[in-house]
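> Test case, fold it:
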Amino acid sequence: MPEPTPPAERALRALSDSIGGARARRPEDATDPAVPVAATVVLLRDGERGLEVLMIERPDRGSFAGAWVFPGGKLEPGDRGDPAEHEEAVARRAGARETREETGLDLDPEALVTLSCWDPPPGLALRIRTWFFLARAGAGTLTLSPDEVVAAEWVAPADALARHGRGAFTLYPPTWVTLHGLAQHPDARSVVGDARLGGVDRFETVARRGAEGPLLLWQDDDEWDPDAAAAASGSRHRIEIGALPWRYQRTG
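Here you go, the predicted structure:
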């Protein structure tokens, strides 16, 4: 009997296969009401060796089978207080709810700091627009939801990236890029302060096939919009995900 395919390899194949259906972006893609919306919370704490984040492992089934992610999930009708409420505010409430359901940790939705918003490549079969929020870890006992979480671990962002590069940790691009940014900070205070100062980082994703495999590009990249008339500046904001370890570039 053949050995089962490791989750990290399955994830790479799924990402590569999905890119075949991608198309160029249109202005309305970033706010397409047909795209499901989710929220995720990056819980921060200062460990003995510096910044740590809480990551949870998903069960070996579903869209993110076996992946390590931050707590979170899709928005539900009960998360909306007012029909006219902005999506970000609803997502903030959903992020706190999902964190409580999955980890048992209570968070004040109003205390969450918005970090980023990820809009997936248009044309893919699975598209979920996701808001990422920051929160400092508070008091409480970690109690995992058995249906949604296999394991949980407080981990240094750089360690999570290294484990992914060895194929020992399954990550998806938004999680990977978020960890890459967090790895530049010494502690939780630095992360939160930088997010408050810099504002919401928006990732309007384009998927393409490069010479060495799949590429994901964002709007700071010269090649994000091939029809743009502006002269090339050499600016790059992309990640190459065809093989481990992934290669990320962000210039300018």
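
> what helix or strand does R189 sit in?
Element membership of R189, judged by DSSP states H and E, is helix 188-198.

> right, I mislabeled it, should have said L179
Going by DSSP H and E, L179 is in helix 173-182.

> same deal with A91?
Take DSSP H and E as the rule and A91 turns out to sit in helix 87-103.

> Counting by contacts, list what that helix packs against.
On a contact count with 3 or more CB pairs under 8 Å, 6 or more residues apart in numbering; DSSP states H and E, helix 87-103 meets strand 37-47, strand 50-57, strand 72-74, strand 113-119, strand 129-136. Yep, even glycine has a C-beta here, placed from its N, CA and C like the rest.

> quick one, which of those strands is packed in tightest?
strand 129-136 (a mean of 23; mean count of other CB atoms under 10 Å).

> by contact count, what packs against that strand?
Counting contacts by 3+ CB pairs under 8 Å, 6+ apart, strand 129-136 is packed against strand 37-47, helix 87-103, strand 113-119, helix 173-182, helix 188-198.

> The next helix or strand after the last one - what's its average pLDDT?
Yep, that's helix 188-198 we're talking about. Sequence order places strand 201-204 as the next helix or strand after helix 188-198, per DSSP H and E. Taken as a whole, strand 201-204 carries a mean pLDDT of 96.

> For the next helix or strand after strand 201-204, which outside residues touch it?
Per DSSP H and E, strand 201-204 leads on to strand 206-210 as the next helix or strand towards the C-terminus. With CB atoms under 8 Å, 6 or more residues apart in numbering as the test, strand 206-210 has contacts from 18-19, 22, 24-25, 121, 123-124, 214-218, 223-225, 240, 242.

> Sheet-wise, list the partners of strand 206-210 with their directions.
With DSSP bridges as the test, strand 206-210 is paired with strand 213-217 (antiparallel).

> Show me what the next helix or strand along the chain from the partner strand is packed against.
Per DSSP H and E, strand 213-217 leads on to strand 237-240 as the next helix or strand towards the C-terminus. With contacts defined as 3+ CB pairs under 8 Å, 6+ apart, strand 237-240 has these neighbours: helix 173-182, strand 213-217, strand 247-250.

> swap the cut-off to 7 Å and go again
Strand 237-240 makes packing contacts with strand 213-217, strand 247-250 when contacts are defined by 3 or more CB pairs under 7 Å, 6 or more residues apart in numbering; DSSP states H and E.

> Good, wrapping up.
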